[in-house]
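Enquirer: Predicted model follows, preceded by the sequence.
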Amino acid sequence: MIRCGAGVSVSRFAGLVGAPRRTYCWRLARLQRGDLVKGPWPAPVVDRVEPLVEELAAERPAWGRREIWAMGRRGGRDLGSPSSVGRAVARRGLPRPLRYQAERRRLARARREAFLEPPMRPNRVRRADFAAFEAAEQGTWQLRAVVGYAAKMALACPVTAAQTATDLLGAPQAAIGAAEALLGRPLAADCGDPVTGEIVPLAAVTDNGPAMKSVAAARWFAARAHLTHARTRRRSPHTNGAVERWTEPLKYEHLYREDIPSGVEPADHAADFIDEHNHIRPHEAPHRKRPPDAHPDDPTPKHNPPRN
């Protein structure tokens, strides 16, 4: 026997021929008794629909046998049953691998949580978010931080008493002023290609709060061709981690250490922390560098659209 000549065990040989051990032993016993192994049975329906199934599968490579069968049925084509379509697909070697859909969903989640290509220069992506802080006497105040993605440059953090669209739009407006002061030119000019003149919009990433989904915010961004607004998925604060990580040390290293009665002190602490964050504290993400030294000044825009 082949197995004996090869000197392998029954289990290993069954795995090599692609059959379970019990099936191999059952077929071997029948062969030793002289019984003929039945099959393969004729499949006229599969033979008939196989070319058509291959054509439809080529048009929709992501579809399974049920979708292909339904598409053929809607088009007036007789494809038999979904099982026949599945057998035809298997004959042509077209079925998707095991757990294919689960892998697609996992990759889709990863794409939504990240960028197609990580931004490597400033003024490509900005992260913005509301963070609540409760003062001792005057209630809760909202910290509206705006932080760059590439070098973690903190640009602005206005403090307001509400979370309206007007309060939201004050933060990117302040961040634009700070960015233009650093650049020495309009932000729109930095978002344009000096050779082709093509505008690469700066993406402002926020969560899904009411102010972020308001019509006023949509109109504000639509009126500025060099800006675009992207929102993260619901209940996914980790996808906006740059600004979340900036707010945490502001609270625990400054605000929570003192008795703050009103909203004036959080604004002062935020201004001090912006200076500390940008010019004193080294950061792990840009290789333990400070934001101004994290990357060279490259005026050439790069296409880095976010996936959220």
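Expert: Cool, got the structure.

Enquirer: tell me what the longest helix out of those in the chain is packed against?
Expert: Of all segments of type helix in the chain, defined using DSSP state H, the longest is helix 165-183. Contact here means 3 or more C-beta pairs under 8 Å, 6 or more residues apart in numbering; DSSP states H and E; on that basis helix 165-183 packs against strand 125-134, strand 140-148, strand 154-156, helix 187-190, helix 215-222. Every C-beta, even on glycine, is put in place using the N, C-alpha and C of the backbone.

Enquirer: so how many other residues sit close to T196?
Expert: Residue crowding around T196 was assessed by other C-beta atoms under 10 Å; the count is 8.

Enquirer: What of the one 5 residues further on?
Expert: Using other C-beta under 10 Å, P201 is surrounded by 18 other residues.

Enquirer: hang on, it packs against A230?
Expert: No: applying C-beta atoms under 8 Å, one finds P201 not in contact with A230, separated by 10.0 Å.

Enquirer: picking up where we left off before, give the buried residues for the longest helix of the chain.
Expert: By 16 or more other C-beta atoms under 10 Å, the buried positions in helix 165-183 come out as 165, 167-169, 171-172, 174-176, 178-179, 182.

Enquirer: Next: stretch 83-90.
Expert: So, applying 16+ other C-beta under 10 Å, buried residues of stretch 83-90: 84-89.

Enquirer: Adding secondary structure, write these out as JSON lines.
Expert: Formatted as JSON lines, these follow (DSSP: H, G, I helix; E, B strand; the rest coil):
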{"residue": "S84", "secondary structure": "helix"}
{"residue": "V85", "secondary structure": "helix"}
{"residue": "G86", "secondary structure": "helix"}
{"residue": "R87", "secondary structure": "helix"}
{"residue": "A88", "secondary structure": "helix"}
{"residue": "V89", "secondary structure": "helix"}
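
Enquirer: Name the nearest of those residues relative to R77.
Expert: The shortest gap between R77 and any of these belongs to V85, at 10.8 Å (C-beta to C-beta).

Enquirer: who touches the residue nearest to E67 when sequence neighbours are not counted in this structure?
Expert: Take E67 and drop its neighbours on the chain: the residue closest to it by C-beta to C-beta, 6 or more residues apart in numbering is R60, 6.8 Å away. Contact analysis of R60 by C-beta atoms under 8 Å, 6 or more residues apart in numbering lists 67-68, 71.

Enquirer: From those, pick the one nearest D190.
Expert: For these, the residue nearest D190 by C-beta to C-beta is E67; the value is 46.7 Å.

Enquirer: Need the three-state assignment for that closest one.
Expert: Classification of E67 by three-state DSSP places it in helix.

Enquirer: ok, so what distance separates A29 from P40?
Expert: Here the criterion is C-beta to C-beta, to the nearest Å. By it, A29 lies 20 Å from P40.

Enquirer: Looking at those two, which is more packed in?
Expert: A29 (10 against 6).

Enquirer: any idea which element the more buried one lies in?
Expert: Using DSSP states H and E, A29 falls within helix 21-33.

Enquirer: Alright, calling it a day.
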